[in-house]
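In: sequence and predicted structure are below.
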Amino acid sequence: MIIEALTVFPEMFEPVMSTSILGRARRAGIFDFTAYDLRDWTHDRHRTVDDAPYGGGAGMLMKVEPIAEALDCLRSRGPRPHIVFFTPCGDRFDERVAERLATKERLLFVCGRYEGMDERAYAYADERLSIGDYVLTGGELAAMVVSDAVIRLLPGALGDAESSVDESFAGGEGGGLLEYEQYTRPASFRGSDVPEILLSGDHARVARWRRLNAIERTCRWRPDLIADADLTPEERAHAERFMAGLGGVQ
Ligand code: SAH
C-alpha cells in the first residue's frame, strides 16, 4: 500500500511512521509512506498557504490553489489515489472505515491547519473523515491515527504472535464486541486474583468465559455496540439479562 500525506508539517510524520510495528511494516515493504510539503506548490516568496476568510471572522483559511495544484500533480503519477480530507465535519472514523481503507492501493491524506480550508478544495475529496467530536490544531495527528489503524490490518503487518481478529470492534470472529479482560503474571496482586477459569488450562471453558466476558464488558462500557453485535440467541439473552442487572453499576 502507498500512503501519502499532504501537509504543511511533513516532519511530524517520520517518528510515528518509523517506530515499532509501523516502522517494521514499512521496512518490510508492506506500505510505503511519503509526506509532501504543501508549500512546494506555492509560487510566492513567502510560500503562502493561508489567507483571510471572505465574510470576515477570526483566523485564517487554507487557500485552494496550492492544494489543487498539489493534488493535480500527485494524482498524475502512480495508481489512482483514494483522497481523504481530514475535518471535524467529516464522517466519523471507526474500525469499519479502517477495514475499508485497508483494501485501497493508495491513500492520500490531506491535512488541514488554521481554521480549516476553502470549501472548494473538497472537490478533490473521495471522502472526508473526522476522528472524533473534538477539534485538533491540524489534520496531521488524524492522518497518523488513521494510518496506524489501517496499517495494522494489512497482511503481514502484525507478527504471528499478534493478531487483529479478536480485538475490540473487530468484525468477523470479534463479532463487533469489546475485547475480553486479559491478565498476565502474577496470579494474585494486592489481593486481586486472576479469574480461576483462566488458570484451569481448559481451553473450551476459557473460550466460553472470554466470549461472555466480552459481551458483559460491551454491555457495561459500550451498550451502543450490542444491537449490532454478532450474537447467538443465547448470547443475546445473556446480554439482556446482564443489562437488566446493570442498573446500579457505576
Ligand atoms: N474550524 C474548523 C476546525 C479547524 S481545525 C471547524 O470548526 O470545523 C484545523 C484542522 O485540523 C482541520 O482542517 C482538520 O484537518 C484538522 N482537524 C481538527 N479536528 C479534527 C478531527 N476531529 N478529525 C479530523 N481532523 C481534524
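Out: Sure thing, it's come through.

In: which bits of this structure sit near the ligand?
Out: Applying the criterion CB under 6 Å from any ligand atom, the portion of the chain that neighbours the ligand consists of 86-89, 111-113, 115-117, 130-132, 134-136, 138-139, 142. Placement of C-beta: from N, CA and C, glycine included.

In: who touches the closest residue to the ligand within the chain in this structure?
Out: Closest approach between the chain and the ligand, counting by CB to the nearest ligand atom: Gly112, at 2.0 Å. Gly112 makes contact with Met62, Phe85, Phe86, Thr87, Gly138, Gly139 under the criterion CB atoms under 8 Å, 6 or more residues apart in numbering.

In: tell me the two of the residues you listed that are most distant?
Out: Using CB to CB, the contacts of Gly112 reach their maximum pairwise distance at Phe85 and Gly138, which is 12.6 Å.

In: the two: who's more crowded?
Out: Looking at Phe85 and Gly138 with other CB atoms under 10 Å, you find the greater number of neighbours at Phe85, namely 25 against 16.

In: one step back: what's the ChimeraX line that selects buried ones from the residues of the chain next to the ligand?
Out: Paste this into ChimeraX to select the buried members of the residues of the chain next to the ligand, with burial taken from 16 or more other CB atoms under 10 Å:
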select :86,87,88,111,112,113,116,117,130,131,136,138,139,142
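
In: now tell me which helix or strand of this structure has the poorest mean pLDDT.
Out: Among the secondary structure pieces of the chain, namely its helices and strands, helix 233-246 has the lowest mean (mean pLDDT, DSSP states H and E), a mean of 95.

In: could you list every helix and strand in contact with it?
Out: With contacts taken as 3 or more CB pairs under 8 Å, 6 or more residues apart in numbering; DSSP states H and E, helix 233-246 sits against helix 203-221.

In: identify the residues contacting the helix it packs on?
Out: With CB under 8 Å, 6+ apart as the test, helix 203-221 has contacts from 175, 177-181, 195, 197-198, 200, 225-226, 229, 231, 235, 238-239, 242-243, 246, 249.
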